[in-house]
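**Q** can you look at this prediction? I've put the sequence above it.
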Amino acid sequence: MATTLTLYNHVSEHLFKGHIPFDTAAFKLALTDTQYTFAGSHTTWTAHGEPYEISTTGSNYTAGGKTLSQVTVTRSSATTTFDANTVSWASATFTTLYGILYANATLGGVAKPMVGAILFDDSGPTPVTVSGVAFQVIWHANGIITLGP
């Protein structure tokens with residue numbers, strides 16, 4: 001199932017003001033339960049995402065989500081790309097609706113700013129349920145975020 005990362009409204013402002021150092025900040029991908037509703041106006045993980053985080057009980061999920069590894073920012077001609085390795089939860093047992101990408105730091109005076117959301121099944125929104133299998137978020141071949149012409 002193909003999905004898209006939708007950026008929160010404030011991300012472009014943080015980008016232009018240099019508040020989110022995509023090349024050095026620690027980013028996490030956290031999973032929400034079925035009660036989370038995306039709104040572009042959401043700003044922080046703690047206020048708008050964490051209250052809807054999936055349970056850690058018996059799920060093989062750790063509160064706060066997974067830290068992105070091998071984060072890169074690269075430029076080729078007029079296109080700049082933010083990318084990272086696949087995020088995976090082994091032997092996962094949970095139901096989730098969204099993945100929330102956020103910076104795990106205080107940046108530009110904002111604690112844990114949300115960057116974007118992934119609706120895992122965009123035919124609905126329909127929750128995705130897994131039981132005892134690996135759950136992976138495999139980023140697009142062109143990267144997580146691509147800016148350019």
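**A** Received it, and whenever you're ready, just let me know what you need.

**Q** give me the distance between the residue nearest the centre of the chain and Thr57.
**A** Nearest residue to the geometric centre of the chain (Cα atoms, centre = their mean): Leu101, 2.0 Å. Counting by Cβ to Cβ, to the nearest Å, the gap from Leu101 to Thr57 is 24 Å. Heads up, the C-betas are built off the backbone N, CA and C, glycines and all.

**Q** swap in Ser69?
**A** For Ser69, the distance to Thr57 - Cβ to Cβ - is 26 Å.

**Q** again, but for Leu5
**A** Using Cβ to Cβ, we find Leu5 at a distance of 28 Å from Thr57.

**Q** which one's more surrounded, these two?
**A** Neighbours per residue, other Cβ atoms under 10 Å: of Leu5 and Thr57, the larger number sits with Leu5, 18 against 8.

**Q** show the end-to-end separation of stretch 135-149, please.
**A** Start-to-end span of stretch 135-149 (Cα to Cα, to the nearest Å) is 33 Å.

**Q** pull out the buried residues from it.
**A** Phe135, Val137, Trp139, Gly143, Ile144, Ile145 (16 or more other Cβ atoms under 10 Å).

**Q** what is the mean pLDDT for it?
**A** Averaged across stretch 135-149, pLDDT comes to 93.

**Q** chain center to that stretch, what's the gap?
**A** 11 Å (Cα atoms, centre = their mean, to the nearest Å).

**Q** and stretch 5-19, by the same measure?
**A** 14 Å.

**Q** just the terminal-to-terminal distance for that stretch.
**A** First residue to last in stretch 5-19 (Cα to Cα) measures 20 Å.

**Q** then stretch 58-77?
**A** First residue to last in stretch 58-77 (Cα to Cα) measures 47 Å.

**Q** buried set for that stretch?
**A** For stretch 58-77, by 16+ other Cβ under 10 Å, it's Ser59, Tyr61, Gly64, Gly65, Lys66, Leu68, Val71.

**Q** out of those, who's nearest Ala117?
**A** Gly65 (12.4 Å; Cβ to Cβ).

**Q** hang on, isn't that closest one packed against Thr32?
**A** No. In this structure Gly65 lies outside contact range of Thr32 using Cβ atoms under 8 Å: 9.8 Å.
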